[in-house]
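>>> With the sequence up front, the predicted model follows.
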Amino acid sequence: QKEVEQNSGPLSVPEGAIASLNCTYSDRGSQSFFWYRQYSGKSPELIMSIYSNGDKEDGRFTAQLNKASQYVSLLIRDSQPSDSATYLCAVTPLTNAGKSTFGDGTTLTVKP
Amino acid sequence: GAGVSQSPSNKVTEKGKDVELRCDPISGHTALYWYRQSLGQGLEFLIYFQGNSAPDKSGLPSDRFSAERTGGSVSTLTIQRTQQEDSAVYLCASSLVPLSNQPQHFGDGTRLSIL
C-alpha cells in the first residue's frame, strides 16, 4: 500500500461543473496536507494547504480534511479549462517535517 | 524576489558519466529539498537540507547519488556513473523552514536523459 494514494484518473468534467479530487494517507502522524497543481511540463505550484479537520475555502477551491478517516479532498467549483492539470496531494508528518510524501497525482481535464 | 532556480534545465549524457545538478533556493529559505519525478509519476523524495546539514538522506536511491549544500544556499545533486533508469526530472524546492506547515516552492526542474 502506498503511503499517499490518489485516483490516477483521468478525471474529466464539463466546464462549470464541480471537480472532486480525493487523497488517502496511511500515516496517522501526518500533520499538514497540501494540494499542488502541475501543468504538463511544468513544476508543481501550491494551491491549497490544510492542517485541521473540516473545510477550508479559497476562491473556487475547497480543501476538506478528515483525520479520523485519513482522507483529504479538493473540490474545484465552476471548473474552467485552465484548471486542466495534474493535482498532487502531499502529506507531511509532524516528526519529520522535511519529508513530505506525494501521491502520484490525479489528472483533471475540464472540457469546454 | 526570484524563485527557486535550477540548472541546467536539460541535460543529456551518456550512460556511465557523472552529472551535477544545481539548485539555488529562494533567498532566506533555510530548507531545501530534492525530488525525482519519472514520467507520469508523483514526486519521489530524495533528500532535504536544513541549513547545510541533511537530516534525512533516506530517499537517495543508491550510493551513486550524493548531495551537498554550502553556505546555507546553493545545493548540488551529483549522480555518478549514470544509468538509464536515472532518466527523470529532478526537482528542487525550498521552504522558509522545515516545519510541517510550511509549503514548498519548486524550481522548474532539470530534465535528465541518459542515453
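Yes, it's here. Residues are numbered from 1 along each chain as shown, chains lettered A, B, ... in the order given.

>>> Can you find the helix or strand of chain B with the lowest average pLDDT?
strand B:53-56 (a mean of 87; mean pLDDT, DSSP states H and E).

>>> B:H105: what's it in contact with?
A:46, B:3-4, B:26, B:29, B:93-95 (Cβ atoms under 8 Å, 6 or more residues apart in numbering or on different chains). (C-beta placed from N, C-alpha, C; glycine too.)

>>> can you tell me the helix or strand for the nearest residue to A:S12 once chain neighbours are set aside?
Excluding the flanking residues, the one nearest A:S12 by Cβ to Cβ, 6 or more residues apart in numbering or on different chains is A:T109, at 4.6 Å. Element membership for A:T109 (DSSP states H and E) is strand A:106-111.

>>> Please report the distance of B:G59 from chain A.
Per Cβ to the nearest Cβ, to the nearest Å, B:G59 is found 8 Å from chain A.

>>> name the helices or strands packed onto the helix or strand of chain A with the lowest mean pLDDT?
Least confident element among the helices and strands of chain A, by mean pLDDT, DSSP H and E: strand A:101-102 (a mean of 90). With contacts defined as 3 or more Cβ pairs under 8 Å, 6 or more residues apart in numbering or on different chains; DSSP states H and E, the packing partners of strand A:101-102 are strand A:85-93.

>>> re the thing from before, restricting the selection to alpha carbons, write the strand holding A:T109 to CSV.
Provided in CSV are the C-alpha atoms of strand A:106-111 (Å, rounded to 0.1, in the frame of the first residue of the first chain):
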residue,chain,number,x,y,z
THR,A,106,-4.8,12.9,-10.5
THR,A,107,-5.1,14.3,-14.0
LEU,A,108,-8.1,16.5,-14.5
THR,A,109,-9.4,17.6,-17.8
VAL,A,110,-12.1,20.3,-18.0
LYS,A,111,-13.9,20.2,-21.3
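
>>> Would you pull up how far the least confident helix or strand of chain A lies from the middle of the chain?
11 Å (Cα atoms, centre = their mean, to the nearest Å).

>>> which parts of chain A sit against chain B?
A:4, A:31-32, A:34, A:42-46, A:49, A:51, A:88, A:90, A:92-94, A:96-105 (Cβ under 8 Å from any Cβ of the partner chain).

>>> After the least confident helix or strand of chain B, which helix or strand is next?
Following strand B:53-56 in sequence, per DSSP H and E, is strand B:65-69.

>>> So what's the residue count around B:S27?
9 (other Cβ atoms under 10 Å in any protein chain shown).

>>> Pick out the residue nearest the middle of chain B.
Centroid-nearest residue in chain B, with Cα atoms, centre = their mean: B:W34, separated by 3.2 Å.

>>> Let me know whether my guess that that one is in a helix holds.
No - B:W34 is assigned strand when assessed by DSSP: H, G, I helix; E, B strand; the rest coil, not a helix.

>>> mind checking pLDDT for it?
Looking at B:W34, its pLDDT stands at 96.

>>> and it, how far is that from A:I47?
22 Å (Cβ to Cβ, to the nearest Å).

>>> now do B:E14
Applying Cβ to Cβ to B:E14 and A:I47 gives a distance of 39 Å.
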